[in-house]
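A.B. asks: just the structure for this:
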Amino acid sequence: MNGTHPDPDDADPAGTRSVRPVVIAPDEFGGTMSASQAAHAIADGWRSVRPNDVLDLLPQSDGGPGFLEVLADSLGGELRIVGVPGPLGDPVEAQLLVDGRTVYVESAQACGLHLLGTSPSPQSAQRANTAGVGVLLDRALAAGAARIVVGLGGSGSTDGGRGAVQALGGLAAARARFRDVELIAATDVTNPLLGPTGAAAIFGPQKGADAPTVAALEARLTAWSRELELDAEPVATRPGAGAAGGLGALLLALGGRREAGAALVAAVTGRAARIAGARLVITGEGRYDAQTRYGKVVASVAADARAAHLPAVVIAGQVGTDADVAGVSAVYSMTEWAGSVQRAMREPRAILAEVAAHVAATGHPAAG
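C.D. replies: As a prediction, the model looks like this:
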């Protein structure tokens, strides 16, 4: 835990009511808590010390797991359940969020790492595919969508979207079906499809790929990119092409464009305006490290706080020594607070609430 920030209230620590709220805007915590669950845990901890404070709960997402839940809370709309094949072919339930003629898709619900069932392995890294995402896109088109927004992140696949396009009837058919549809890839990364910063090299190991498997995935993606770019504009080098195991490349090849997922969700939830009227911002994520500054929710929230000249506190499951995000005033590690990774994983909501209560009670981070 490190850093300092101003006293979070103009009032006394007994909990005298302040007009300006504390904005609580976390991302999901690596499968242990959704963004909404994390926001409520922080709020519970804060209220245990300052029960009269005004809290503005504002769960966020960058396009990964929890994308639809966060958007549905703000937009309303209709959530439709769709049965799809998971990343290894087992049937799973996913959702579409239909808001007028805009349909939102969360790719992690169909090909997420959490759906692999067991610890990722070289075999699952090779087999995992995006067929379920293709089914969701097919249903979105059938719903009459004029605009489809696909949240990319947390995937267990590295097939470049080949499974999805097969579910859509092949590449030529998919291009024809999306010709008059606004297609948006909402990503938390800008990685290209190929090379040392591409989908296989950077994200393959997280999905169980060892060195030979990473090489095999890279070769497969290279061959696939040639098909995507045949008689079409290059997509492999475009920012975001490597998102969700290369699913980003497919969406770009179908005429889509990339948008930062955190910024898209911020716009839908009115985050900048709500932070501008606050007195303190609390955000968080599963792991706060060097990757955070590249399109993650915490960095996006901190930027809004800095623009509003407000302190931003980060509470993360784990904190890397290389973490450095402009606008962050204080950082807390749940693992350090709990004394072990095991306890932090076993009791995430309780630990998160304890840390939030500490921030509320002291007005500044504890040393150490």
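
A.B. asks: how far does the helix or strand containing Q126 sit from its chain's centre?
C.D. replies: Here Q126 is covered by helix 122-127, with elements defined by DSSP states H and E. For helix 122-127, the separation from the chain centroid amounts to 23 Å (computed by CA atoms, centre = their mean, to the nearest Å).

A.B. asks: where do the helices of the stretch 51-200 of the chain begin and end?
C.D. replies: 67-75, 108-111, 122-127, 131-142, 162-167, 171-177 (DSSP state H, counting those that start in this stretch).

A.B. asks: most tightly packed of those?
C.D. replies: Each of these was scored by mean neighbour count; the highest is helix 108-111, a mean of 30, by mean count of other CB atoms under 10 Å. For glycine as for every other residue, the C-beta is placed from the backbone atoms N, C-alpha and C.

A.B. asks: who are the contact partners of the closest residue to G134 other than its chain neighbours?
C.D. replies: Nearest residue to G134 in three dimensions, chain neighbours excluded: A167, at 2.7 Å (CB to CB, 6 or more residues apart in numbering). For A167, the contacting residues are A131, G132, V133, G134, V135, L137, D138, by CB atoms under 8 Å, 6 or more residues apart in numbering.

A.B. asks: and stretch 297-308, how far out from the chain's middle?
C.D. replies: 16 Å.

A.B. asks: buried ones in that stretch?
C.D. replies: Residues of stretch 297-308 classed as buried by neighbour count (16 or more other CB atoms under 10 Å): V297, V298, A299, S300, V301, A302, A303, D304, A305, R306, A308.

A.B. asks: can you redo those as a markdown table with distance to G204?
C.D. replies: Formatted as a markdown table, those follow (distance: CB to CB, whole Å):
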| residue | distance to G204 |
| --- | --- |
| V297 | 24 |
| V298 | 24 |
| A299 | 24 |
| S300 | 26 |
| V301 | 29 |
| A302 | 29 |
| A303 | 30 |
| D304 | 33 |
| A305 | 34 |
| R306 | 34 |
| A308 | 39 |
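
A.B. asks: and the strands in the stretch 151-300 of the chain?
C.D. replies: For the stretch 151-300 of the chain, the strands defined by DSSP state E, counting those that start in this stretch occupy 182-187, 257-260, 280-288.

A.B. asks: in the longest one, what counts as buried?
C.D. replies: Of the residues in strand 280-288, L280, V281, I282, T283, G284, E285, G286, R287, Y288 count as buried by neighbour count, 16+ other CB under 10 Å.

A.B. asks: repeat that for the shortest one.
C.D. replies: Within strand 257-260, the residues scored as buried using 16+ other CB under 10 Å are R258, E259, A260.

A.B. asks: which strands and helices sit next to it?
C.D. replies: strand 182-187, helix 243-253 (3 or more CB pairs under 8 Å, 6 or more residues apart in numbering; DSSP states H and E).

A.B. asks: and for the closest residue to V49 other than its chain neighbours, the neighbour number?
C.D. replies: Nearest residue to V49 in three dimensions, chain neighbours excluded: A360, at 4.0 Å (CB to CB, 6+ apart). Using other CB atoms under 10 Å, A360 has 24 neighbouring residues.

A.B. asks: which residues does A360 contact?
C.D. replies: So A360 contacts P8, G45, W46, S48, V49, R50, D53 (CB under 8 Å, 6+ apart).

A.B. asks: just the ones of those residues in helices?
C.D. replies: Among the contacts of A360, the members falling in helices (DSSP state H) are G45, W46, S48, V49.

A.B. asks: out of these, which are buried?
C.D. replies: G45, W46, V49.

A.B. asks: wait, doesn't the first one sit right on A357?
C.D. replies: Yes. Under the criterion of CB atoms under 8 Å, G45 is in contact with A357, at a separation of 4.0 Å.

A.B. asks: hmm, back to that, need the strands of the stretch 151-300 of the chain in TSV (columns: mean pLDDT and distance to T335).
C.D. replies: Putting the strands of the stretch 151-300 of the chain into TSV (pLDDT from 0 to 100; distance: least, CB to CB, whole Å) gives the following:
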stretch	mean pLDDT	distance to T335
strand 182-187	98	28
strand 257-260	97	28
strand 280-288	95	10
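
A.B. asks: nearest to P205, of those?
C.D. replies: strand 280-288 (15.2 Å; CB to CB).

A.B. asks: I'd like to know which elements the closest one is packed against.
C.D. replies: Where contact means 3+ CB pairs under 8 Å, 6+ apart, strand 280-288 is packed against strand 22-24, helix 35-49, helix 297-307, strand 312-319, helix 348-362.

A.B. asks: need these in CSV with mean pLDDT and distance to L250, can you?
C.D. replies: Formatted as CSV, those follow (pLDDT from 0 to 100; distance: least, CB to CB, whole Å):
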stretch, mean pLDDT, distance to L250
strand 22-24, 97, 35
helix 35-49, 97, 26
helix 297-307, 95, 24
strand 312-319, 95, 31
helix 348-362, 96, 34
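
A.B. asks: out of the ones you listed, which is closest to A125?
C.D. replies: A125 lies closest to strand 312-319 among the helices and strands packed on strand 280-288, at 23.5 Å (CB to CB).

A.B. asks: show me which residues of the closest one are buried.
C.D. replies: Applying a neighbour-count criterion of 16+ other CB under 10 Å, one finds A312, V313, V314, I315, A316, G317, Q318, V319 buried in strand 312-319.

A.B. asks: thought the last one was touching S333?
C.D. replies: Yes. V319 is in contact with S333 according to CB under 8 Å; the separation is 4.2 Å.
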